[in-house]
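Asks: Predicted model follows, preceded by the sequence.
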Amino acid sequence: MEGKMEQVVSDIIIFVIIFLLVFVIYNFAVINKEKKRLEKMKKKNQRVDEAAYPAEVMYLVKRYQLDLKKVNYFSLLREISLVCSFDLSLIAYLATQVNGTIWQILIAALLCIPVIYISFMLYGKRLQKKGLTKVCTTQKK
């Protein structure tokens, strides 16, 4: 019984380490880059080009009609980085639970699209319920 408990604790620790590592890297790669881009555009008094937004933001805008005027853009990016970090950590953790490099790659590849799609679907629905979209789908009972 103690051996299984130690395994569960070590699995949780590995998952958290992967999550934190991916979160920090994602923040440096996406959020800091986006801050610099927006600061540069403000200095030049240019209008923000929507095509230059990160792909995750554009997906939420197109699929769930996210209204960027209603949200704090950097808190949105931070929440997206949490979602992406969780997705990548979950996929990496589940793939490493299988023996064999080929099987690990296959499982990671097969899990990628469904996990990302489901997590962004849930996040998009949450944004809709908060009223941050152009067309709110909250139902009054």
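Replies: Alright, I've got the coordinates.

Asks: Next, count neighbours for residue 83.
Replies: When neighbours are counted by other CB atoms under 10 Å, residue 83 registers 17. For every residue, glycine as well, the C-beta is placed using N, CA and C.

Asks: Which SSE is immediately downstream of the lowest-mean-pLDDT helix or strand in the chain?
Replies: The helix or strand of the chain with the poorest confidence is helix 32-43; it has a mean of 83 (mean pLDDT, DSSP states H and E). Where DSSP states H and E defines the elements, the next helix or strand beyond helix 32-43 is helix 55-64.

Asks: Any chance you could list what contacts the next helix or strand after that following helix?
Replies: Sequence-wise, the next helix or strand downstream of helix 55-64 (DSSP H and E) is helix 73-96. Applying CB atoms under 8 Å, 6 or more residues apart in numbering, the external contacts of helix 73-96 come out as 11, 14-15, 18-19, 22-23, 26-27, 30-31, 34-35, 54, 56-57, 60, 68, 104-105, 107-108, 111-112, 115-116, 119-120, 123.

Asks: taking the mean pLDDT, what do you get for helix 73-96?
Replies: Helix 73-96 shows a mean pLDDT of 93.

Asks: before we move on, the earlier item: in helices, which of the contacts of helix 73-96 fall?
Replies: Using DSSP state H, the members of those that fall in helices are 11, 14-15, 18-19, 22-23, 26, 34-35, 56-57, 60, 104-105, 107-108, 111-112, 115-116, 119-120, 123.

Asks: Perfect, I'm done here.
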